[in-house]
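K.L.:
Predicted model follows, preceded by the sequence.
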Amino acid sequence: MARLKDLYESKVVPKLIEEFGYKNSMAVPQVKKVVVSMGVGKATQDKKFLESAKNELTMISGQKPLVCKAKKSVSNFKVRQGMETALKVTIRGARMYEFMDRLINLAIPRVRDFRGLNPNSFDGRGNYSMGLAEQSVFPEINPAKVDFQQGMNITFVTTAKSNEESRKLLQLFGMPFRESTSIKHGE
């Protein structure tokens, strides 16, 4: 069993029931899926960028990414409708817990000048989105073989009804949110 799944069942569920007063353990929020996406705009000039990004995203996520095509032509970016410009992976189940474990415990601590994740990146329905500036923070990627730095967006889709429930769920998993800096006037 994945380490974070065991943590969820043994520690996270009881703490959330205690804090939010759920009547049933099935009502406790859980992470349904993690979506990792990469915009590969450089692929419009050279296809090797897309192949390189596809290989790296496959190593990071453990499954083959879906290639997304441009829906509209944009002349300023030299993009034609139908060009392959992005990659995305939807991770569920045991593989999702393994990915979250590597992200929280290995990748995020390797980010340079890290001061914590933005606690305001929730969408109002309990989903959280974050971004990474480069893919080389993951231990699977060999920094010497990286052709170009590629950022990625990571979205955690939860069953939580509010941002507060989702924030607490992700905090109990070990997500390092920074403290909210609300400055009161007069102090």
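P.N.:
Received it, and whenever you're ready, just let me know what you need. Residues are numbered from 1 along each chain as shown.
K.L.:
So residue 16 is in contact with residue 27, correct?
P.N.:
No - counting by C-beta atoms under 8 Å, residue 27 is not a contact partner of residue 16; they are 9.4 Å apart. All C-beta atoms are positioned from the backbone trio N, CA, C, and that covers glycine.
K.L.:
Determine which member of these two has the greater number of neighbouring residues.
P.N.:
residue 16 (22 against 13; other C-beta atoms under 10 Å).
K.L.:
What separation is there between the more buried one and residue 178?
P.N.:
Distance, residue 16 to residue 178, using C-beta to C-beta, to the nearest Å: 22 Å.
K.L.:
Ok, residue 158 next?
P.N.:
Residue 158 is 20 Å from residue 178, by C-beta to C-beta.
K.L.:
higher neighbour count, these two?
P.N.:
Taking other C-beta under 10 Å, residue 158 and residue 178 do not tie; residue 158 has more neighbours (20 against 11).
K.L.:
So in terms of bridging, what pairs with the more buried one?
P.N.:
Per DSSP bridges, the residues bridged to residue 158 are residue 31.
K.L.:
Local confidence estimate at it?
P.N.:
If you check residue 158, the pLDDT there is 93.
K.L.:
For stretch 57-72, which residues meet the burial criterion?
P.N.:
57, 60-61, 65, 70 (16 or more other C-beta atoms under 10 Å).
K.L.:
cool, and stretch 102-118?
P.N.:
102-104, 107-108, 117.
K.L.:
Which members of the buried residues of stretch 57-72 are the farthest-apart pair?
P.N.:
Across the buried residues of stretch 57-72, the longest distance by C-beta to C-beta is 23.4 Å; it joins 60 and 70.
K.L.:
related to what we said a few turns ago, how about a markdown table for the buried residues of stretch 57-72, with secondary structure added?
P.N.:
Putting these into a markdown table (DSSP: H, G, I helix; E, B strand; the rest coil) gives the following:
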| residue | secondary structure |
| --- | --- |
| 57 | helix |
| 60 | helix |
| 61 | helix |
| 65 | coil |
| 70 | coil |
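K.L.:
Could you list the low-pLDDT ranges of this structure?
P.N.:
Filtered on pLDDT under 70, the chain yields the residue ranges 1, 43-44, 144, 180-187.
K.L.:
who does the helix or strand harbouring residue 6 touch, helix- and strand-wise?
P.N.:
If you go by DSSP states H and E, residue 6 is part of helix 3-7. When contacts are defined as 3 or more C-beta pairs under 8 Å, 6 or more residues apart in numbering; DSSP states H and E, helix 3-7 packs onto helix 93-102, helix 163-173.
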